[in-house]
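> pasting a predicted model and its sequence here:
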Amino acid sequence: MAAPTTPASGTRAYALVATDLDGTLLRADDTFSDRSLNALQRVVEAGARHLVVTGRPAPRVRPLLEILRGRGLAVCGQGAQVYDAGADRLLWSVTLDRELAETALGKIEAEVGQVYAAVDQDGVDGLTLIEPGYLMPHPTLPALRVGRREDLWCEPISKVLLRHPALTDDELAATARAAVGSLATVTMSGPGTVELQPSGVTKATGLALAAERLGVAPEDTVAFGDMPNDIPMFEWSAYGVAMANAHPELKAVADEVTGSNEEDGVATVLERMFP
């Protein structure tokens, strides 16, 4: 669990700043504000590190890292990938067994009826494939529609994305966890985004691997996020900051709640920590 809130922990300059992207650092139109970019530049100028920790797979993070001038590491795919932007390669990745993924989907559909699925393929050039009926929660992200579900499993995958025509995200995630058990980790990373990833893999596992390579300890890390998939990252880090637009489950474990992603909430805190 994140460290208790103290005036010192809420104002100190941390050695590592870990930020989610969607709903946190990114605005709704998939852009960064100038204020956010300037605040992150302060972090770097102070000698600290900024680490993106996101559910997006490495190919969907690469263009954003170019805007952030990030040539170091990034944690992608909900922690399933540690990506080296400078070398454009994965330093570490773990895939979700495709037969196991099919089994997990079958168990979920036995409880709630038909769901619609998509997958993120593994690798720095992996595609996002979507089956008939699946609607991308982020229409600006590229995806390739396939003709049938079986086509989703043509290459190794890092995760499965799920949508249900009637259930809320919270209802679908809760049912999926009960149905899947230990077969996979179930996360909710944004509106319309319930995901299955390799068992035991979370943002915290990816963050821990990247931080170890950077030589930074949990007690020197501050994390920003907005969804339940950020809870493990908050638990690993010394200080967790939830956005005003964050899911109630994340706010419940946060050390601080800042402004929304549209209100430069991340920048507000970083300007205080890195004056």
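Yep, it's here. For clarity, every value in this text was computed on a predicted model and none was experimentally measured.
> what about the host helix or strand of Arg62, average pLDDT?
Applying DSSP states H and E as the criterion places Arg62 in helix 58-68. Mean pLDDT, computed over helix 58-68, is 95.
> what is it packed up against?
helix 34-45, strand 49-53, strand 73-76, strand 81-84 (3 or more CB pairs under 8 Å, 6 or more residues apart in numbering; DSSP states H and E). No exception for glycine: its C-beta is placed from N, CA and C like everyone else's.
> pipe those into a markdown table and attach distance to Leu152, mean pLDDT and mean neighbour count per row.
Listed next are the helices and strands packed on helix 58-68 as a markdown table, based on distance: least, CB to CB, whole Å; pLDDT from 0 to 100; neighbours: other CB atoms under 10 Å:
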| stretch | distance to Leu152 | mean pLDDT | mean neighbour count |
| --- | --- | --- | --- |
| helix 34-45 | 35 | 97 | 16 |
| strand 49-53 | 26 | 97 | 23 |
| strand 73-76 | 19 | 98 | 27 |
| strand 81-84 | 19 | 98 | 26 |
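> using CSV, lay out those together with distance to Ala15.
Formatted as CSV, those follow (distance: least, CB to CB, whole Å):
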stretch, distance to Ala15
helix 34-45, 10
strand 49-53, 7
strand 73-76, 14
strand 81-84, 18
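> still on that earlier bit, quick one: residues in contact with the helix holding Arg62.
Outside helix 58-68, the residues that touch it by CB atoms under 8 Å, 6 or more residues apart in numbering are 21, 26, 32, 37, 40, 50, 52, 54, 71, 74, 76-77, 81, 83, 85, 88, 90, 123-128, 141-142.
> if you count neighbours, what's buried in the biggest helix by length in the chain?
What stands out as the longest helix in the chain, according to DSSP state H, is helix 98-112. Neighbour counts over helix 98-112 (16 or more other CB atoms under 10 Å) mark Arg98, Ala101, Glu102, Ala104, Leu105, Lys107, Ile108, Val112 as buried.
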